[in-house]
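> sequence first, predicted model second:
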Amino acid sequence: MGRRRNLRRRPAGRTDHARRRRPWPRRFDRLVFAGRTPESQRHPGGARSESGADGDFDGISRSGSAAREAKAAQRSRVRRTLPILSEPPATLSQINLVVQDMEQALDFYRRLGLTIKDPVEWPPGSGARHMSVSMANGFGLEFDNIAGARTWNPGLDEAPAPGGRNVIGFALPSSTEVDRLHAELTSAGYRSRLAPHDAFWGGRYAIVLDPDRNQVGLMGPIDPQRGFTPTV
C-alpha cells in the first residue's frame, strides 16, 4: 500500500513559501532587529534577507525605525538632565609590600584573618620569594622580599625605609572586632600607632604598625548617626 498523501486543502492563493514568511512572534522585531538596517538583518537560520525572500522585513524596518526615533528622543532628554558616566581611566587593583622578613610579615597579616599560603621561591635557588593574596573583592595584596622585588624593580634600595604616612586599611565586621584585634596584635608585640577610638566619620578606628613599619588601619563599620565634626 502506497504512502498516504496529505489531502488537507490549503487556503486559496497561499503557498508553502508564504506559510513560512513569519516564523517569529509579531513583536519580535523590537527585541532583535531594533537598530539594524534591512541590509544587515538576517534570518534566524543565518541567510541574509535583502530581497525579502526569507521573511517580510519591511514591516519590521518601519516599526523598528519608529522605536529607534522614540529611544533617541528619550536619550536626548536624559543627556540634558544627567551626567554621562564612563569607566575610570585607572583602577586600583593591588598593593605591593616589600618586606625584610617574609615569615614575620605573613604572620602579622594572617592575624588580620587573611588566608595566606607559604611563599614560593622563584627562580628556584635565587632567594627571591613572593606570595600573592586575592581579596574577596578582587583586590590583590602582593608580598616580596628584597630579592623578589628586584625581579620586577631592579633599582630597589636594600636599605629599610620607614612605612611613611600612608595607611593600608582593613575593614572589620564590627566595632568590638577593632578593639579585640588591636589588643591581640599589641599583646603579640606589634606597635600601636593609634589606639581604638570613635572616629569623626562614625566608625571605630585604630592603627597598628606591621613588622616593616607600614601603618595598618583597622576600620569598623560606619554609623553616620555617630559622626561629628573634627577639631583641626
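Perfect, I can see it now.
> C-alpha from now on. contacts and neighbour counts both.
Fine.
> just the strands in the chain please.
Ranges of strands in the chain, per DSSP state E, are 94-98, 120-121, 129-134, 140-144, 167-171, 192-198, 204-209, 215-219.
> nearest to A72, out of those strands?
strand 94-98 (40.3 Å; CA to CA).
> mind giving me the domain split of this structure?
Domain segmentation of the chain under automatic domain parsing yields 16-78, 93-161, 162-232.
> okay, those domains in CSV with mean neighbour count and mean pLDDT next?
Shown next, in CSV, are those (neighbours: other CA atoms under 10 Å; pLDDT from 0 to 100):
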stretch, mean neighbour count, mean pLDDT
domain 16-78, 13, 52
domain 93-161, 14, 91
domain 162-232, 16, 93
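> can I get the strands of the chain in CSV including distance to A105?
Formatted as CSV, the strands of the chain follow (distance: least, CA to CA, whole Å):
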stretch, distance to A105
strand 94-98, 9
strand 120-121, 14
strand 129-134, 11
strand 140-144, 8
strand 167-171, 14
strand 192-198, 16
strand 204-209, 11
strand 215-219, 12
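> quick one: which of those strands is nearest T231?
Among these, the nearest to T231 by CA to CA is strand 192-198 (13.8 Å).
> direction included, what does the closest one pair against?
In the sheet, strand 192-198 lines up against strand 204-209 (antiparallel) (DSSP bridges).
> for the strand it pairs with, C-alpha coordinates in CSV please.
Listed in CSV are the C-alpha atoms of strand 204-209, where the atom choice follows Å, rounded to 0.1, in the frame of the first residue of the first chain:
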residue,chain,number,x,y,z
ARG,A,204,35.7,52.6,65.3
TYR,A,205,39.3,53.0,64.1
ALA,A,206,42.9,52.1,65.2
ILE,A,207,46.3,51.9,63.6
VAL,A,208,49.0,49.2,64.2
LEU,A,209,52.5,49.0,62.6
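> which residues does it contact?
By CA atoms under 8 Å, 6 or more residues apart in numbering, the residues outside strand 204-209 that reach it are 175, 178, 182, 185-186, 190-199, 215-222.
> now do stretch 136-153
Contacts of stretch 136-153 (CA under 8 Å, 6+ apart): 92-102, 122, 126-135, 156, 158.
> so which residues of this protein form helices?
Taking DSSP state H as the criterion, the chain carries its helices at 16-19, 29-32, 58-81, 102-111, 146-149, 175-187.
> how far off strand 215-219 does the fourth one point, in degrees?
Same thing as helix 102-111. 10 degrees (axes from the mean of the first three to the mean of the last three CA atoms, to 10 degrees).
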